[in-house]
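Engineer: structure for this input, please:
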Amino acid sequence: MDSGLHSAGERRPRVLVSGYACGPVSEPEARAGWEFARAATRDHDVWVITRHRFRESIDAALSADPALAERLHVNYLDLSPRLMRLKRRSWDLYWYYAAWQRALGRRARELHSTYDFDVAHHVSFANDWMPCGLVALHDVPLIWGPIGGASTPPVLKLSRWLGVRGTLTEIVRGTFTALIRRFVGDRVARRASVVIAQNQQVAEHFSTRAGTVVVEPNATLDDLPPRAARVDARHAVFAGRLIALKGAAMAVDAIARTDTWTLDLYGEGYEEQRLRARVRRLGIEDRVRFLGHQPRDRVLDAIARAEVFLFPSMRDQAGWVVAEASTIGCPVVCLPLGGPPALAGSNGHVASLDGDIVADLVVKLEEAASEGGRATDRWSVSRLPGLVSEWYAHAIAEKAGAR
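Structural biologist: Numbering: from 1, shown residues only. Okay, the predicted model is just below:
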C-alpha cells in the first residue's frame, strides 16, 4: 500500500526535509533535525535527505517503530570519497556543507519528480548565512529553519571580557558572515514561505526580508532530572566551552563582586588559563572551581542542585543548556543577546548591557535566587507536531492563494 495515502484513499501532504545533521543521537543539532522530521509524520508523509553517518541510528529507530517507518523515508547523501578526504580541519565544514547543499538540490529535484512534494523544510545546519539546497524546488513552498547567526554582540562594549583573541575573532566573523548573509541568507529568506528564527535578534534581521517570521528555538528536551529538593544556597553553575564569547570571564567577575556566592565552571577551552589567572587575581580561588568537561548527566545534576544557572553568553543562537536549566526549574541569569533569553523564558533574569554590566549581573543573581524557578515543559518534543503542521499549512495555503 502507498504510504502516502490515508486509509480512505486521500493523499497525505508530502514533505521533503533537508537535514545535514539528522538522527536519534546525542548531538543537539542532529537530535533537533530528527525530532522535527519525526514530528512532521503525525500529519504528513516525510522524506529526509541526510548523511550516511546517521544511518545506523536511524535504521535502528525505524526498525523499532514500524508505524514511523511507514511515514518517514530516509535518503542518504554524501559527496565523493575524494572530497570527503579533504574535510580534515574544522573550517572545512563550511565549504563541504555548501557543496553538500548543492548536491542536495540535485537530489531534491530527482525525488520531487517522483513524489511531488507539497512542502520543503530545511531543518539543519542552522546557520542563516549558509546556502539552502531546497531553493532548487522552485514550485514547492519552503520552510527555512530554525536558523540562527544574525544575532551579533556589541563587540567593543564587551571587549574587556572577550579579550584580544575573542574580540578579533568576533569582528572578523561578524564582518564575514554579514557579507555572505547579504548575498546568500537574505535571498533564501525572500524565497521562504516561513522563516523560523532561533531567537528574537535573528527574527528582527529577517523581518523585512521575509513574509512570515516566527521565533522558535530548535531545543527538543525530555527526560531531564527533577529540581533538587534542597538546592545549594548561594551557589551558581556555568556550563559551556571555555571560549571568550561564552562569557565565563563575566561570570567570574560577577562572583567576585559578591561576598559569599560560589561558582562551578563546567567545560574546557582555550580561555581556561586566562580564566584561572583572573580568578587568582580577584582572590576568589576558594569560591570558583574548574571542573572541566563532564558527562551530560553530571552537569544536569549539578544544575538541578544549583541555586542559579549563570550564563552570560554573548552569541549563543540557541544554547540548549539554558533550555535544560529552565526545564529543570533552575533560574537563569543571562544577557539580552542571542537565544538564552528566549530559552530561559519565565525562569530568565536578563541583565542590561547599559552601565555597569557586571553590577547588573549581580543584581539579577540575587533576584534569581530570591524568586527561584519553576519546572517547565516549554521545550518538550511534544510541542513539535502542532508547530510544524501549522507552518506547513500556512505555506501550502499561501501557495494555493498565489495561483
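Engineer: use CA for all of it now, contacts and neighbours both
Structural biologist: Noted.
Engineer: got a list of what residue 311 touches?
Structural biologist: Taking C-alpha atoms under 8 Å, 6 or more residues apart in numbering, we find residue 311 in contact with 238, 239, 246, 247, 248, 251, 322, 332, 333, 334, 335.
Engineer: correct me if wrong: the fifth one contacts residue 242.
Structural biologist: Yes. Residue 248 sits in contact with residue 242 when judged by C-alpha atoms under 8 Å, with a separation of 6.8 Å.
Engineer: residue 395: neighbour count?
Structural biologist: The number of residues packed near residue 395 is 23, by other C-alpha atoms under 10 Å.
Engineer: name the residues that touch stretch 264-271?
Structural biologist: Stretch 264-271 has contacts (C-alpha under 8 Å, 6+ apart) with 236-244, 248, 288-294, 299.
Engineer: try 10 Å
Structural biologist: Stretch 264-271 has contacts (C-alpha atoms under 10 Å, 6 or more residues apart in numbering) with 162-163, 165-166, 235-246, 248-249, 251-252, 272, 287-295, 298-299, 302-303, 306, 309-310.
Engineer: also stretch 391-398?
Structural biologist: Stretch 391-398 has contacts (C-alpha under 10 Å, 6+ apart) with 13, 15, 40, 43-44, 118-121, 140-143, 192-196, 212, 214, 387-389, 399-402.
Engineer: ok, now with 6 Å
Structural biologist: 141, 193 (C-alpha atoms under 6 Å, 6 or more residues apart in numbering).
Engineer: quick check: buried residues in it?
Structural biologist: Buried residues in stretch 391-398, defined by neighbour count with 16 or more other C-alpha atoms under 10 Å: 391, 392, 394, 395, 396.
Engineer: can I get the helix or strand containing the first one in CSV? Just the C-alpha atoms.
Structural biologist: Here residue 391, judged by DSSP states H and E, is contained in helix 384-402. What follows is helix 384-402 as a C-alpha-only set of coordinates in CSV (Å, rounded to 0.1, in the frame of the first residue of the first chain):
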residue,chain,number,x,y,z
LEU,A,384,6.6,20.0,17.7
PRO,A,385,3.8,18.2,15.7
GLY,A,386,1.4,21.1,16.2
LEU,A,387,4.0,23.6,15.3
VAL,A,388,5.3,22.0,12.1
SER,A,389,1.7,21.3,10.9
GLU,A,390,0.8,25.0,11.4
TRP,A,391,3.9,26.1,9.4
TYR,A,392,3.2,23.6,6.6
ALA,A,393,-0.5,24.5,6.4
HIS,A,394,0.4,28.2,6.2
ALA,A,395,2.9,27.5,3.4
ILE,A,396,0.5,25.3,1.4
ALA,A,397,-2.3,27.8,1.8
GLU,A,398,0.0,30.7,0.7
LYS,A,399,0.9,28.8,-2.5
ALA,A,400,-2.7,28.0,-3.2
GLY,A,401,-3.7,31.6,-2.8
ALA,A,402,-1.0,32.7,-5.2
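Engineer: doesn't residue 261 make contact with residue 234?
Structural biologist: Yes. The pair residue 234 / residue 261 is scored as a contact, 4.7 Å apart, by C-alpha atoms under 6 Å.
Engineer: OK, contacts around the nearest residue to residue 216 once chain neighbours are set aside?
Structural biologist: Spatial nearest neighbour of residue 216, excluding adjacent residues (C-alpha to C-alpha, 6 or more residues apart in numbering): residue 198 at 5.6 Å. Going by C-alpha under 6 Å, 6+ apart, residue 198 touches 146, 147, 148, 215, 216, 217.
Engineer: and those as TSV, adding pLDDT, neighbour count and secondary structure?
Structural biologist: Shown next, in TSV, are the contacts of residue 198 (pLDDT from 0 to 100; neighbours: other C-alpha atoms under 10 Å; DSSP: H, G, I helix; E, B strand; the rest coil):
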residue	pLDDT	neighbour count	secondary structure
146	94	28	strand
147	92	29	strand
148	88	25	strand
215	94	20	strand
216	94	22	coil
217	93	26	coil
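Engineer: closest one of these to residue 326?
Structural biologist: residue 217 (13.7 Å; C-alpha to C-alpha).
Engineer: report the separation between that closest one and residue 246.
Structural biologist: Counting by C-alpha to C-alpha, to the nearest Å, the separation of residue 217 from residue 246 is 18 Å.
Engineer: and for residue 281?
Structural biologist: Using C-alpha to C-alpha, residue 281 is found at 20 Å from residue 246.
Engineer: look at these two and report which has more neighbours.
Structural biologist: Neighbour count, other C-alpha under 10 Å: between residue 281 and residue 246, residue 246 has more, with 22 against 10.
Engineer: was I right about the more buried one contacting residue 310?
Structural biologist: No. Here residue 246 does not reach residue 310: they are 10.9 Å apart, not a contact under C-alpha under 6 Å.
Engineer: for residue 76, grab the count of nearby residues.
Structural biologist: Neighbour count for residue 76, taken as other C-alpha under 10 Å: 15.
Engineer: can you show me the helices along the stretch 151-300 of the chain?
Structural biologist: Secondary structure of the stretch 151-300 of the chain by DSSP state H, counting those that start in this stretch: the helices cover 155-183, 185-191, 200-206, 248-256, 272-282, 296-305.
Engineer: the stretch 301-403 of the chain now?
Structural biologist: Applying DSSP H, counting those that start in this stretch to the stretch 301-403 of the chain gives helices spanning 320-328, 340-344, 357-371, 384-402.
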